[in-house]
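Trainee: Generate coordinates for the sequence data below:
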Amino acid sequence: MTPLLLLLLASGPCVYWTQGIDSRASLESAGVKKLCVPPDLAGAWKTAGFSVTPTPAPDLSSREELPAPGVTPRAGVASPTRAPWIVANGWHIARNPQAKYVYSVPAGKAALAAAEAFAYGADAVLKIEPADLPNAGAMLAFLDTVPDANLPAVADFAVVDDGSPVAGEAMNLLSRRNLLFKIVKAPEPRFRINVRIGSPEYPKEEAADPSGFAQKIRGQLTDEQRSLRLYGSEVVIARLTSDGTKARVHLINYGGREIEGLRVRVKGTYTSGEAYVPGSGKVALVDQSAAEGATEFSLPKFLTYAVVDLK
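Mentor: Below you'll find the model as predicted:
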């Protein structure tokens, strides 16, 4: 059986590699410089010049499994006008940020999974197919170039998490609609909206329809009060962090096709900005403007992931 690769993102990009030193050329051609390997292989790979972390296999089995991110068809839904069904794990990572995760992704999904884990700061291991090593290596090399930005996540409302599947599916849909929320254990007075499923305002019967439930909350929040809005795509999910003087927007494209001209609106006045895009490096924003307490800009194009810094 062809061995799987594992990418460890918790302590920086790291490929878990079970093959011997004779596979060195494959790793070098993919640009992979850091390895996580079974302890008995650590010495040989370190001697070969790689940055090595000995990684016992049992560590992987203790991690929580995340589904492969992307877009998937829904059984019985054939209409091309319906919004695509996105499989995304950002809300789940935010629900339990201290957990350790593992992805098992088919060929073609390694770069997307790596980007998602990076955007949400997850301690995540990625199981990928060896054929995906070049794509994974390119994304990990790009992530190494993204400047650090230790900024708090932005939220427009709170969701009281009771740990139930209903609450989880509601958060899933809210995240996919790019409605920014903080997960809390009890209502927080600083938020105008505190969503507690099972309360008179948010009965469980309504939450059983996550799409309608998300639309209700969007109406309560109003688009004018949202900290982040995207125009031009139904398959991009964004994460916004900011300290009020500078902001970072993570844009993850789950659709698998290049997107051109995505328009982004961020609450707050920012006079300069730049984007980091895999394969393109630092990219200038298009038509950046600030008015009425908000900043808008467009990205020329990106395939899987983009990081935008505003200040």
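
Trainee: neighbours around Ile93, how many?
Mentor: Applying other Cβ atoms under 10 Å, we find 21 residues neighbouring Ile93. Using the backbone N, CA and C atoms, a C-beta is placed for each residue, glycine as well.

Trainee: That one in helix, strand or coil?
Mentor: Here Ile93 is helix, with the state taken from DSSP: H, G, I helix; E, B strand; the rest coil.

Trainee: which residues touch it?
Mentor: Taking Cβ atoms under 8 Å, 6 or more residues apart in numbering as the criterion, Ile93 is in contact with Leu66, Ala99, Tyr101, Ala117, Tyr120, Gly121, Ala122, Ala124.

Trainee: and the gap between it and Pro69?
Mentor: 11 Å (Cβ to Cβ, to the nearest Å).

Trainee: same question, Leu173
Mentor: In this structure, Leu173 and Pro69 are 16 Å apart, going by Cβ to Cβ.

Trainee: other SSEs contacting the helix or strand hosting Ala170?
Mentor: Secondary-structure assignment from DSSP states H and E places Ala170 in helix 165-176. Counting by 3 or more Cβ pairs under 8 Å, 6 or more residues apart in numbering; DSSP states H and E, the packing neighbours recorded for helix 165-176 are helix 90-95, strand 157-160, strand 181-184, helix 204-207, helix 210-221.

Trainee: Kindly list the main-chain dihedrals of the closest residue to Ala117 other than its chain neighbours?
Mentor: Using Cβ to Cβ, 6 or more residues apart in numbering and skipping residues adjacent in sequence, the residue nearest Ala117 is Ala124, 3.9 Å away. The main-chain torsion angles of Ala124 are listed as degrees, to the nearest 10 and equal phi -130, psi 140.

Trainee: How many residues are close by Ala124?
Mentor: Under the neighbour criterion other Cβ under 10 Å, Ala124 is assigned a count of 25.

Trainee: when you give positions from now on, start the count at 328
Mentor: Sure, I'll start counting at 328 from here, so that last one is Ala451.

Trainee: That one and Gln542: what is the separation?
Mentor: Counting by Cβ to Cβ, the gap from Ala451 to Gln542 is 31 Å.

Trainee: cool, and Leu548?
Mentor: Leu548 is 11 Å from Gln542, where distance means Cβ to Cβ.

Trainee: Val604 too?
Mentor: With distances taken as Cβ to Cβ, Val604 is found 32 Å from Gln542.

Trainee: Look at the two and report which has more neighbours.
Mentor: Neighbours per residue (other Cβ under 10 Å) separate Val604 from Gln542, with Val604 holding more: 20 against 14.

Trainee: From what I see, that one and Val635 are in contact.
Mentor: No: between Val604 and Val635 no contact is recorded; they are 9.4 Å apart, counting by Cβ atoms under 8 Å.
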